[in-house]
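In: sequence? don't have it. structure:
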């Protein structure tokens, strides 16, 4: 079956919109198998659960439950994965990552490509708009989410 | 205040022992501030919670709750951190990692050292013994925990 990256991204973007509606960090992700079957989906839950470990990708990974391996999976995320989430992809041998946008933040996706992970950056305007609005209106929360000390600390 | 790395490691090792007693992956971790005050501790919870996202380091990080930044913290772990947990350390700017042992598994600690993270490997025999017994008796669970397809898959 042919995978439509934009159709998979739509699921992650829906998660990002849910996160925004809940007052959280508007980043969403979903884990699929290589035939496009959804295994787990989720969004950043820093605000909602007070849990700094739940980035969008780790939430989707968690919601997919235990698996013997990940060599037949695709991680889809609205934003370039940070080092934490890039490390997840590398450690668990996820062979492909589909990324909504990497304009507002660039994490470890080039590093993953160097380690033979297939990377598709879709330059999705809706994903970019979500992050631009978020960074503009809630910079402190964004800095906290990526571990960057803000000027007021 | 002078930090005693072995005293901090004892907390992580206690967590690893708890994980073993619960039938889980016997890896423990704890996050301290630079003065040695405990911020959060925990152990791998793959078996206990059915949650593949909760490695020892991510559990300790989670249990420390939300923080504006991590530039004054120390991550202590019984085992060399895998790429997932090394990515956590790099993304959140944790400047120091104390490691019980790196004989039974070597993750991303050299990479962290290249990125100016202070790394101390303590070569703790009790940490090594915990992992040696675990890998010997439950190889499938270990492979699953680090995303390595086992021969029977």
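Out: Perfect, thanks for sending it. Not measured: the values here are computed from a predicted model.

In: wouldn't residue A:71 be in contact with residue A:95 here?
Out: Yes: the pair residue A:71 / residue A:95 is scored as a contact, 6.2 Å apart, by C-beta atoms under 8 Å. No exception for glycine: its C-beta is placed from N, CA and C like everyone else's.

In: Check the contact lists of the two and give me the overlap.
Out: Common neighbours of residue A:71 and residue A:95, using C-beta atoms under 8 Å, 6 or more residues apart in numbering or on different chains, do not exist here.

In: so the nearest residue to residue A:150 once chain neighbours are set aside, which of the three states?
Out: Leaving aside its chain neighbours, residue A:150 sits nearest to residue A:143 (4.2 Å; criterion: C-beta to C-beta, 6 or more residues apart in numbering or on different chains). Per DSSP: H, G, I helix; E, B strand; the rest coil, the secondary structure class of residue A:143 is helix.

In: Does the closest residue to residue A:53 other than its chain neighbours lie in a helix or a strand, and which?
Out: Excluding the flanking residues, the one nearest residue A:53 by C-beta to C-beta, 6+ apart is residue B:62, at 4.0 Å. Taking DSSP states H and E as the criterion, residue B:62 maps to helix B:56-63.

In: what does residue A:112 give?
Out: Element membership of residue A:112, judged by DSSP H and E, is helix A:109-114.

In: hmm, that helix touching chain B?
Out: No: Helix A:109-114 is not in contact with chain B by C-beta under 8 Å from any C-beta of the partner chain; minimum separation 9.5 Å.

In: Tell me which residues of that helix come out buried.
Out: Going by neighbour count (16 or more other C-beta atoms under 10 Å in any protein chain shown), the buried part of helix A:109-114 is A:109, A:111, A:112.

In: how much space is there between residue A:63 and residue A:15?
Out: According to C-beta to C-beta, to the nearest Å, residue A:63 stands 10 Å off from residue A:15.

In: neighbour-wise, which of the two wins?
Out: Between residue A:63 and residue A:15, residue A:15 has the larger neighbour count (other C-beta atoms under 10 Å in any protein chain shown), namely 24 against 17.

In: what touches both of residue A:63 and residue A:15?
Out: Any residue near both residue A:63 and residue A:15 by C-beta under 8 Å, 6+ apart counts here, and that gives A:41, A:42.

In: Let me know the secondary structure of the most centrally placed residue in chain A.
Out: Nearest to the geometric centre of chain A sits residue A:77, at 3.4 Å (C-alpha atoms, centre = their mean). What three-state DSSP gives for residue A:77 is strand.

In: Ok, residue A:98 next?
Out: Recorded secondary structure, residue A:98: strand (three-state DSSP).

In: Just give me the neighbour total for it.
Out: Around residue A:98 there are 23 residues (other C-beta under 10 Å).

In: Could you do residue A:137 as well?
Out: Other residues lying near residue A:137 total 9 when counted by other C-beta under 10 Å.

In: gap between it and chain B?
Out: Going from residue A:137 to chain B by C-beta to the nearest C-beta, to the nearest Å gives 18 Å.

In: what do you get for residue A:74?
Out: For residue A:74 relative to chain B (C-beta to the nearest C-beta), the value is 15 Å.

In: Hmm, that residue is touching residue A:29, no?
Out: No: with contact defined as C-beta under 8 Å, residue A:74 does not count as touching residue A:29 (10.8 Å).

In: Compare the two and say which is more crowded by neighbours.
Out: Ranked by neighbour count (other C-beta under 10 Å), residue A:74 and residue A:29 place residue A:29 first, with 32 against 23.

In: I figured residue A:51 was touching residue B:63, is that so?
Out: No: using C-beta under 8 Å, residue A:51 is not in contact with residue B:63; the gap is 9.6 Å.

In: Helices of chain A, start to end?
Out: In chain A, the segments counted as helices under DSSP state H are A:5-21, A:46-49, A:56-63, A:83-91, A:109-114, A:125-137, A:139-145.

In: Buried residues, the second one. List them.
Out: By that I understand helix A:46-49. Buried residues in helix A:46-49 (16+ other C-beta under 10 Å): A:46, A:47.

In: And for the third one?
Out: By 16+ other C-beta under 10 Å, the buried positions in helix A:56-63 come out as A:56, A:57, A:58, A:59, A:60, A:61, A:62, A:63.

In: Over to the last one?
Out: Taking 16+ other C-beta under 10 Å as the basis for neighbour counts, the residues of helix A:139-145 that come out buried are A:141, A:142, A:143, A:144, A:145.

In: ditto for the longest one
Out: Within helix A:5-21, the residues scored as buried using 16+ other C-beta under 10 Å are A:5, A:8, A:9, A:11, A:12, A:13, A:15, A:16, A:17, A:18, A:19, A:20.

In: No further questions, thank you.
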